[in-house]
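Below: sequence and its predicted model.
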Amino acid sequence: MKNLKGEIWVYSEEKETTYELLGEGRKLAREMNVTLSAITVEGGETERHFGFGADKVYILKGLGEFEAETYAEAISIIAKEREPEIILIGSTKRGKELAPRLAAKLETGCATDCVKIYLEGEKKELIVERWIYGGNALAKEKFTKKPSIITIPPKTFEKPIYKERKGEKVEVAVRVSEPRVKVIETKKREVGEERLEDASVIISGGAGVKRKEDFKILRELANMLRGQIGCSRPIAVDYKWFPEWIGLSGHKVKPNVYIACGISGKIQHIAGIRGSKIIVAINKDPEAEIFKVADYGIVGDLYEVVPALINALKRRFRGKTRKFTENKPLNKTF
């Protein structure tokens, strides 16, 4: 591998997000003529990082389970030694904990939830764009200090095509302080086979759903369309029916089809579904904000419209109904 001056680093605990960041990082590295490096921990994925664009993989040894303060300290130690130009971090739950701590330790800036990254002008200044004011405005920002720390939501960029290639592995043993927070116990939550960010079809319920049990009709529709179930923030936060939601402060999704059932369409929710290819809105309020962003809208009670859609699909597929109702399990988070 050619020894280039300067590096772009990529880190995420989620493999798919790492690959997406490597794809975008590869474009920047090519334009800046620098090395693209991935950061992982001992026992983590290494070989496939090269196939998705990494020239080098740093393997941090002895860190164990994720703890934001410890990981931030470890990465900051090697960053001070090797001085990367840019650090791209997945805007996941752990990434959101890690990035600001890392920025504080390196005394540099951190731009969060960026949707676009590019170099501008003769000086090739690094520019990022990110949604602000609940997704109502797009801010254009530039960095004045290095390293530039940027968090990027999953599915913001396309995952590159995997190509068999080799790269350099660098094992790094760092001594970090004893964490100030100790994890006593972790419990795995039962989830489905597919993340919401990976779903091609999402059927989402809002405040128009009167009871938690009524989500069964949305599940039936999702089953027929081989989709996932989602919800808006009030369902999760106010009603506490589910632990996660879709929106600015929750999951940001980009399905082929997003069907919003009984969702008013506040800007925070719109920010989470902005990348959807087709948005279908079902709401009995003709003035609901969701209709302003929907490609197709149905003014009606979801308790009448959704069953009608299910019946129409059953008639459409006739003998094939079984095929559409007995597919892989839905996301059990919802």
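Thanks, I have it. Numbering: from 1, shown residues only.

Please read off the pLDDT at residue 133 from the model.
The score at residue 133 is 76. That number is its pLDDT.

swap in the one 4 residues further on?
Looking at residue 137, its pLDDT reads 82.

which of the residues in stretch 292-310 are buried?
293-294, 297-298, 302-303, 305-306, 309-310 (16 or more other C-beta atoms under 10 Å). (C-beta placed from N, C-alpha, C; glycine too.)

May I see those organised as a markdown table, with pLDDT added?
Output for these, formatted as a markdown table (pLDDT from 0 to 100):
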| residue | pLDDT |
| --- | --- |
| 293 | 94 |
| 294 | 95 |
| 297 | 96 |
| 298 | 96 |
| 302 | 96 |
| 303 | 96 |
| 305 | 96 |
| 306 | 96 |
| 309 | 94 |
| 310 | 94 |
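
Relative to residue 70, which of those is nearest.
For these, the closest approach to residue 70 (C-beta to C-beta) belongs to residue 293, at 41.3 Å.

how close does that closest one get to residue 66?
36 Å (C-beta to C-beta, to the nearest Å).

need the contact list for residue 285.
Residues near residue 285 by C-beta atoms under 8 Å, 6 or more residues apart in numbering: 264, 299.

that's a helix at it, yeah?
No. Assigned with DSSP: H, G, I helix; E, B strand; the rest coil, residue 285 falls outside any helix and is coil.

Roughly how far does it sit from residue 206?
Taken as C-beta to C-beta, the span from residue 285 to residue 206 is 11 Å.

Now do the shared contacts for the two.
Shared contacts of residue 285 and residue 206, defined by C-beta under 8 Å, 6+ apart, comprise residue 264.

Okay, and which of the buried residues of stretch 292-310 map to strands?
Among those, DSSP state E puts 297-298 in strands.

would TSV of the buried residues of stretch 292-310 with distance to residue 217 be doable?
Output for those, formatted as TSV (distance: C-beta to C-beta, whole Å):
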residue	distance to residue 217
293	24
294	20
297	19
298	15
302	8
303	8
305	10
306	5
309	10
310	7
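
Would you agree residue 233 is in contact with residue 251?
No. Using C-beta atoms under 8 Å as the test, residue 233 is too far from residue 251 to be in contact (10.5 Å).

what is in contact with these two at once?
residue 245.

how many neighbours does residue 11 have?
25 (other C-beta atoms under 10 Å).

Check residue 240 too.
Neighbour number of residue 240 under other C-beta under 10 Å is 9.

now residue 214
Other residues close to residue 214 by other C-beta under 10 Å number 16.

What of residue 31?
Other residues close to residue 31 by other C-beta under 10 Å number 11.
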